[in-house]
Structure formats: C-alpha cells, structure tokens
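Novice: dropping the sequence and predicted coords here.
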Amino acid sequence: MFFAIYFEVVPLYEIYSDFSFSSNYLVGKNAFVGPVTIQYSPVKLFTIITHMYIHSYNNLLHLIMNMVFLLFLGIPFEEKVGPWVFMGIYFIAGIFASLFSGFFDLVGGSAFGLDPNGVSVGASGAIFGVLGAYVALYPRDKILFPLILIKKWPVWLIAGIYFGIETLIAASSPEDHVGHFAHIGGFMGGLFFVPLINRFKAAHETARAMDTLDFATLEKLATNYKLKDMLERIKNEDEKEVQQVWLEEFMKNVKCPECKKKLMVKPGKAKCSNCGFVIKY
C-alpha cells in the first residue's frame, strides 16, 4: 500500500477492490470504493480474511495503535497459550468481528450511521479478540501496557476500559470511519470461543502429563492385585483420554502410604487430609 500511494505502482482502489471486505458481500450485493463499483462474486467472501492484512492509508495513527496493542497484548498472551492457539483466536475473532459489524451495517445501519455499501479494512477486530480471550482466561494477570502510564496493569482493567470506551463510541453513532462495532464483535468473539480454548488447553495439558507420568511412584502405591491390574491398563493404554480416566480411578482406590487413609483426588494431584501426604501425577 505504501508503494501504491507514493510510487503509483498500482492504483490504491485496486488493492481495496481485491482485498477489502464489505458487509454487502454477505447478501450478495456490490460494494463501492469511492466512485468505483466492486462487482460481487462468491470469491469476494474470502476478503473476510484478507481485509485483516491491509489498512486505511489516511489513518496512520490507528495503524500504529493496532501495532502497539498487538505488541503489548500479543507477546504475553502467546506465551500463555502457545502460537497455534493464539493464531486460532486471532483469525476466528477477526472473522467474528466482521460478521458482527456486518450485521449492524445491514440491519441497523441507519440507526447507527453505518453504510453497508462501503468496505472495511484492518486487523483491530482480531486484536480486540485477543484482548477478549486474554481477560476471559487470565483476568488477574498484570501486563506492561500504555494505559495513562506504561506500567503493569491488570488485564481485567485494560479490557474493561477499552470495551467500555468502544461501546460508548459505537452507541453515539460517530462518523469517524472507524469500525467500532468490529472492535466490539472481535472482543466478544474472543470471549465466545474461550470454552473451545479451555478444552484444547485441558487436552494438551493432559497429554503432556501422560507423557511424563512417573510409573515408578505409582508402582509403590499399587499395594493389591486390583491396583496392579489398573496400573497395567494405564501402562498399556494408547488413548490419552482413556489412560487419564484409568489413572483417576487408580488414585481413588489408593490409600495413603503414610497413614493408610483414603486420598482426596483432584486433577493432577491426590492429598491425604489426615497426614498431609501429597502426590502429583
């Protein structure tokens, strides 16, 4: 886009025509970039992804703010969830942001001063999705963030302030050409898909725990034939989920090696309430 503007390598409207997204595409209609008509085709629906890779040429400050958000939020969040989960959240939230914004463009456009005939660009919906997922998973985390001062702030505070600001601005029907409904939709998309994230995370952690299982410790706890039989099933089971079920059943039948009382079993840990003996598995 830089070369298109300053070196006239390709007309800028062609970039918007090929890669920007329009709410009209959701109902099979044409879109417009200024006076130029963009003819609808089913291929145009792919712009729900490609629009995240381009930006408005006359709003450099908004682009810089996007990158600042992604820098301060993205790095600590990716360290928490890993690159694949991060990428999934980013794109799912970005798509959800466009659908959410598109719905308001088409259904409530006149009430909120929106125009479904235009096009949208930018990744701020996806970035707000990262914020939504972050506050849903780790609300009490403190991260370095430029909120008045650059210092560590709790994620719940950052999310609450920015979501509240975007909601108020969207409700006031501003004519600033910023996709505030996309920001709200992206944030909600991050929140909405957290149950899927948690399920993936739990499965990943279970698999990792199974790979590092200390069978030597478990063998010391297998003091009767029933427990020994269960332990053999655990050792020979290939399915991680089934192995986890058998392991939990094993721990429920184990007695404390110190005082011979029943253990209180929690995911990944068993504890004796009588003498305080603890075993992690």
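Specialist: Thanks, I have it.

Novice: going by C-alpha atoms from here, please, whenever you check contacts or count neighbours.
Specialist: Noted.

Novice: can you list the residues that contact stretch 98-105?
Specialist: Residues from elsewhere that reach stretch 98-105, judged by CA atoms under 8 Å, 6 or more residues apart in numbering: 22-24, 26, 48, 114-116, 125, 179, 181-182, 185-186.

Novice: try it again at 6 Å.
Specialist: Contact with stretch 98-105 is made by 23, 114-116, 181-182, 185, as judged by CA atoms under 6 Å, 6 or more residues apart in numbering.

Novice: what average pLDDT does it get?
Specialist: Averaging pLDDT along stretch 98-105 gives 89.

Novice: just how off-centre is that stretch within its chain?
Specialist: Computed by CA atoms, centre = their mean, to the nearest Å, the chain-centroid distance of stretch 98-105 equals 19 Å.

Novice: what do you get for stretch 55-74?
Specialist: The chain centroid and the centroid of stretch 55-74 are separated by 18 Å under CA atoms, centre = their mean.

Novice: same check on stretch 119-131?
Specialist: Relative to the centre of its chain, stretch 119-131 is centred 12 Å away, using CA atoms, centre = their mean.

Novice: list the contacts of that stretch.
Specialist: Here stretch 119-131 makes contact (CA under 6 Å, 6+ apart) with 20-22, 51-52, 54-55, 66, 90, 93-94, 97, 182-183, 186-187, 189-190.

Novice: 7 Å instead, please
Specialist: The contact list for stretch 119-131, computed with CA atoms under 7 Å, 6 or more residues apart in numbering, reads 20-22, 31-33, 51-56, 66, 70, 73, 89-91, 93-94, 97, 159, 182-183, 185-190.

Novice: give me the buried entries from these.
Specialist: Buried subset of these (neighbour count, 16 or more other CA atoms under 10 Å): 20-22, 31-33, 51-52, 54-55, 66, 70, 73, 89-91, 93-94, 97, 159, 182-183, 185-190.

Novice: surely Ala136 is in contact with Leu191?
Specialist: Yes. Counting by CA atoms under 7 Å, Leu191 is a contact partner of Ala136 at 6.0 Å.

Novice: now do the strands in the stretch 1-150 of the chain.
Specialist: For the stretch 1-150 of the chain, applying DSSP state E, counting those that start in this stretch gives strands covering 31-33, 36-38, 142-147, 149-154.

Novice: wait, which of those strands is closest to Pro174?
Specialist: In terms of CA to CA, the element of those nearest to Pro174 is strand 31-33, at 20.0 Å.

Novice: distance between the closest one and the chain's centre?
Specialist: Using CA atoms, centre = their mean, the offset of strand 31-33 from its chain centre is 31 Å.

Novice: again with stretch 184-194
Specialist: Once both centres are worked out by CA atoms, centre = their mean, stretch 184-194 turns out to sit 8 Å from its chain's centre.

Novice: with only the CA atoms kept, save that stretch in CSV.
Specialist: What follows is stretch 184-194, C-alpha atoms only, in CSV (Å, rounded to 0.1, in the frame of the first residue of the first chain):
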residue,chain,number,x,y,z
ILE,A,184,-16.9,-5.0,20.0
GLY,A,185,-17.5,-8.0,17.8
GLY,A,186,-13.9,-9.1,18.0
PHE,A,187,-13.8,-8.7,21.8
MET,A,188,-17.0,-10.8,22.1
GLY,A,189,-15.6,-13.4,19.6
GLY,A,190,-12.5,-13.9,21.9
LEU,A,191,-14.8,-14.4,24.9
PHE,A,192,-17.2,-16.7,23.0
PHE,A,193,-14.5,-19.1,21.9
VAL,A,194,-12.8,-19.4,25.3
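
Novice: so which residues make contact with it?
Specialist: With contact meaning CA under 7 Å, 6+ apart, stretch 184-194 is reached by 89, 93-94, 96-97, 100-101, 125-126, 128-133, 136, 163, 166-167.

Novice: I appreciate the help and will end here.
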